[in-house]
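> sequence unknown, structure follows:
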């Protein structure tokens with residue numbers, strides 16, 4: 001598709017204008033975002049102040065109610081009647097039971113009036129509850145605990161601290177789930193306890209205690225604000241008393257470490273992080289006890305505001321950009337009309353190079369200068385064309401000659417490489433045959449010793465008169481077993497080194513165990529332990545070649561362990577996730593040669609003791625034929641060869 005120059009220039013201007021407008025918009029968006037965040041912070045601070053004020057007012061309300069209740073005349077009558085030996089208040093002519101009923105009615109009236117209060121108790125100075133009035137939130141019932149249900153609270157923290165109060169002092173407890181003794185109540189209520197001492201003749205008579213449900217008492221915890229936010233409340237130790245995720249609330253009483261300090265940074269009064277605004281403050285309940293109140297804005301609130309602003313900004317960007325593009329296109333079409341005439345002239349010259357040149361374009365500006373330059377270029381191109389055609393003809397002749405010689409060189413080099421590869425394979429085969437003979441010798445050593453001993457025993461047993469027909473038959477049976485074992489050993493080694501180019505699916509662990517069996521006698525002779533761990537897996541490939549590669553790696557590890565005389569020498573083979581790892585404790589491969597150990601003819605052994613072909617041929621087998629990744633690294637106190645069938649080459 002052909003696009004005119006004027007359109008291209010207009011399009012470029014359109015893009016440039018768009019980029020400019022976009023950059024300005026991004027700057028504007030950043031400024032607006034910062035303004036919005038600051039405005040949000042101010043709004044959240046206002047919310048925080050209102051919440052703090054509300055909670056303090058709620059606490060002050062409890063203070064006020066318990067002070068008023070403590071001055072109730074019925075309590076004074078009950079006190080005098082209780083302390084009287086006759087359980088009777090002489091001044092008001094009131095029995096203790098009557099005074100008790102009146103106090104209970106006062107407690108019930110206060111519980112009915114205040115939604116957040118759920119228990120009011122009068123506790124004697126020895127810790128025994130005298131009166132306990134309870135509100136059942138589930139059934140909306142207020143009842144009085146029977147005398148048999150009244151508990152002794154002398155060991156409770158709130159009582160032990162309240163009993164120390166001076167006259168007219170107030171006590172406010174830690175906030176926790178409603179607990180009796182050490183067990184959390186069946187329907188746990190987040191509870192704050194406020195108490196005052198009741199004095200009689202400058203001596204504490206009892207403690208008046210109000211239990212309040214903070215989820216109801218602290219209005220901000222359940223009040224829906226017009227400002228989108230999350231609210232958190234924590235105690236002085238940082239444990240959550242309220243969290244939008246209910247499982248984190250009072251986690252410390254369920255042996256869970258849910259702390260506000262783990263979720264937020266309290267060293268800063270407020271901060272923004274990943275579109276989240278956080279702000280917190282402390283609410284002092286007393287000189288030594290405070291709560292941590294925190295607010296956050298939700299991600300959705302920021303996202304909604306951002307989407308609205310982005311939409312409006314996008315509309316303005318498109319309108320401005322299209323206006324700029326239209327104006328630019330009109331101006332450019334007028335300005336480039338001489339260039340269009342120059343382009344038409346260039347097409348005519350391209351069609352007929354011998355025709356009239358660019359000299360006839362007269363614009364008395366840069367376009368005319370350009371036409372003259374183009375004419376000079378045209379003349380130079382014609383001259384260069386003639387020279388190039390001549391050189392091309394010469395180079396073509398040279399290329400024909402070079403191609404003929406190159407083909408001959410390639411054929412000769414290919415033959416040389418094939419011959420070299422055959423030599424490598426033959427050397428590896430001879431080395432493998434030598435290793436096979438050595439392995440067979442080690443495998444035969446024990447059965448040959450057994451045959452030798454059996455033959456010697458015949459002479460001694462004959463001299464002792466023990467040789468009879470049954471003895472001979474038993475001797476023949478046992479020696480046949482030994483000879484059969486030696487025969488099977490020859491068959492196993494012959495099959496192991498048999499060339500098989502047929503791919504098959506085989507069990508990797510079984511193949512490795514076969515290779516280990518071939519070397520078992522030699523490893524045992526050198527006091528080298530070998531172990532195979534992990535779950536097996538199946539691969540498709542050339543089983544015999546894979547076993548030869550494994551044998552080469554084990555031989556390499558064995559030679560290092562023997563050469564260095566490593567105590568407690570050990571070879572470990574681990575199978576996991578389609579990967580085979582063969583490691584030893586031979587000290588590892590020196591870093592200066594670790595990159596070269598897979599090169600052909602590279603060996604660290606003395607001359608005549610190594611061909612340098614074992615690891616090279618193993619890498620050829622595993623990577624070229626088995627399509628695995630074969631690598632080595634040093635780890636712990638040895639080297640690790642890794643065959644990874646996941647990382648195919």
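Nice, I can see it. In this text, all values refer to a predicted model and were calculated from it rather than measured experimentally.

> now residue 266, what's its secondary structure?
Here residue 266 is recorded as coil under DSSP: H, G, I helix; E, B strand; the rest coil.

> same question, residue 168
coil.

> which ones are touching it?
Counting by C-beta atoms under 8 Å, 6 or more residues apart in numbering, residue 168 makes contact with residue 196. Yep, even glycine has a C-beta here, placed from its N, CA and C like the rest.

> what are the buried residues along stretch 323-332?
Residues of stretch 323-332 classed as buried by neighbour count (16 or more other C-beta atoms under 10 Å): 324, 325, 328, 329, 332.

> and those as JSON lines, adding distance to residue 158, secondary structure and pLDDT?
What follows is the buried residues of stretch 323-332, written out as JSON lines (distance: C-beta to C-beta, whole Å; DSSP: H, G, I helix; E, B strand; the rest coil; pLDDT from 0 to 100):
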{"residue": "324", "distance to residue 158": "74", "secondary structure": "helix", "pLDDT": "73"}
{"residue": "325", "distance to residue 158": "76", "secondary structure": "helix", "pLDDT": "70"}
{"residue": "328", "distance to residue 158": "80", "secondary structure": "helix", "pLDDT": "73"}
{"residue": "329", "distance to residue 158": "83", "secondary structure": "helix", "pLDDT": "67"}
{"residue": "332", "distance to residue 158": "85", "secondary structure": "helix", "pLDDT": "70"}
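
> okay, the residues you listed in JSON lines with distance to residue 463 next?
Output for those, formatted as JSON lines (distance: C-beta to C-beta, whole Å):
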{"residue": "324", "distance to residue 463": "122"}
{"residue": "325", "distance to residue 463": "120"}
{"residue": "328", "distance to residue 463": "123"}
{"residue": "329", "distance to residue 463": "123"}
{"residue": "332", "distance to residue 463": "124"}
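
> what's the closest of those to residue 71?
Checking the buried residues of stretch 323-332 against residue 71 by C-beta to C-beta gives residue 324 as the nearest, at 80.7 Å.

> quick one on the thing from earlier: which of the buried residues of stretch 323-332 lies closest to residue 624?
residue 325 (59.1 Å).

> wait, is residue 120 part of a strand?
Yes. Counting by three-state DSSP, residue 120 is located in a strand.

> list the contacts of the closest residue to it other than its chain neighbours.
Excluding the flanking residues, the one nearest residue 120 by C-beta to C-beta, 6 or more residues apart in numbering is residue 107, at 4.3 Å. Applying C-beta under 8 Å, 6+ apart, we find residue 107 in contact with 69, 120, 131, 133.

> just residue 292 next, same as before
Going by C-beta under 8 Å, 6+ apart, residue 292 touches 232, 233, 234, 235, 236, 238, 260, 266, 280, 281, 282, 283.

> which among these count as buried?
In these, the ones that pass as buried (16+ other C-beta under 10 Å) are 232, 233, 234, 235, 238, 260, 266, 280, 281, 283.

> quick one, helices of the protein?
Along the chain, the segments classed as helices by DSSP state H run 5-70, 73-83, 96-113, 157-162, 214-217, 260-263, 299-335, 337-351, 366-463, 469-496, 508-525, 543-564, 614-619.

> with the buried residues of stretch 323-332 in mind, which one is nearest to residue 520?
Residue 520 lies nearest to residue 325 out of the buried residues of stretch 323-332, by C-beta to C-beta, at 82.1 Å.

> what distance do you get for residue 288 to residue 37?
For residue 288, the distance to residue 37 equals 36 Å [C-beta to C-beta, to the nearest Å].

> these two: which is more packed in?
residue 37 (15 against 7; other C-beta atoms under 10 Å).

> ok, now which ones touch the more buried one?
So residue 37 contacts 272, 277 (C-beta under 8 Å, 6+ apart).

> tell me the pLDDT of it.
If you check residue 37, the pLDDT there is 73.

> distance of residue 365 relative to residue 374?
In this view, residue 365 and residue 374 are 15 Å apart by C-beta to C-beta.

> when the two are compared, which one has more neighbours?
residue 374 (18 against 9).

> count the neighbours of the closest residue to residue 533 other than its chain neighbours for me.
Nearest non-adjacent residue to residue 533, counting by C-beta to C-beta, 6+ apart: residue 574, 5.1 Å away. Number of residues near residue 574 (other C-beta under 10 Å) recorded here: 15.

> how much space separates residue 574 from residue 566?
Distance from residue 574 to residue 566, by C-beta to C-beta: 19 Å.

> next one: residue 315
In terms of C-beta to C-beta, residue 315 sits 77 Å off from residue 566.

> of the two, who's got more company?
Per other C-beta under 10 Å, whichever of residue 315 and residue 566 has more neighbours is residue 566, with 18 against 10.

> what's the neighbour count on the nearest residue to the more buried one once chain neighbours are set aside?
With C-beta to C-beta, 6+ apart as the criterion, residue 566 has its nearest non-adjacent residue at 5.6 Å, and that residue is residue 586. The tally of other residues near residue 586 (other C-beta under 10 Å) stands at 23.

> doesn't residue 567 make contact with residue 586?
No. In this structure, residue 586 is not within contact of residue 567 by C-beta atoms under 8 Å, at 11.3 Å.

> ok, of the contacts of residue 292, which one's closest to residue 202?
residue 236 (33.3 Å).

> quick one: contacts for the closest one?
Going by C-beta under 8 Å, 6+ apart, residue 236 touches 289, 290, 291, 292.

> once you drop chain neighbours, what's closest to residue 545?
residue 621 (4.7 Å).

> show the contacting residues for residue 130.
82, 100, 122, 123, 124, 150, 206.

> any chance of those in CSV, plus neighbour count, distance to residue 546 and pLDDT?
Shown next, in CSV, are the contacts of residue 130 (neighbours: other C-beta atoms under 10 Å; distance: C-beta to C-beta, whole Å; pLDDT from 0 to 100):
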residue, neighbour count, distance to residue 546, pLDDT
82, 18, 95, 92
100, 21, 93, 92
122, 24, 87, 95
123, 27, 83, 95
124, 19, 88, 94
150, 17, 83, 90
206, 26, 89, 95
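
> out of the residues you listed, who's nearest residue 511?
Proximity of these to residue 511 (C-beta to C-beta) peaks at residue 150, which lies at 80.0 Å.

> quick check: that closest one touching residue 127?
No. Counting by C-beta under 8 Å, residue 150 does not reach residue 127; the two are 10.8 Å apart.

> closest to residue 62 among the buried residues of stretch 323-332?
Nearest to residue 62 among those: residue 324, at 67.4 Å, using C-beta to C-beta.

> would you list the contacts of residue 130 in a markdown table and tack on distance to residue 165?
Converted to a markdown table, those look like this (distance: C-beta to C-beta, whole Å):
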| residue | distance to residue 165 |
| --- | --- |
| 82 | 20 |
| 100 | 24 |
| 122 | 15 |
| 123 | 13 |
| 124 | 15 |
| 150 | 22 |
| 206 | 12 |
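
> show me the shaky parts of the stretch 101-250 of the chain.
179-187, 222-228 (pLDDT under 70).

> give me that answer again for 80
The stretch 101-250 of the chain contains residues with pLDDT under 80 at 137-140, 178-187, 220-229.

> ok, the stretch 251-400 of the chain next?
Judged by pLDDT under 80, the stretches of the stretch 251-400 of the chain that qualify are 253-254, 273-276, 288, 298-314, 316-318, 320-383, 385-386, 389.
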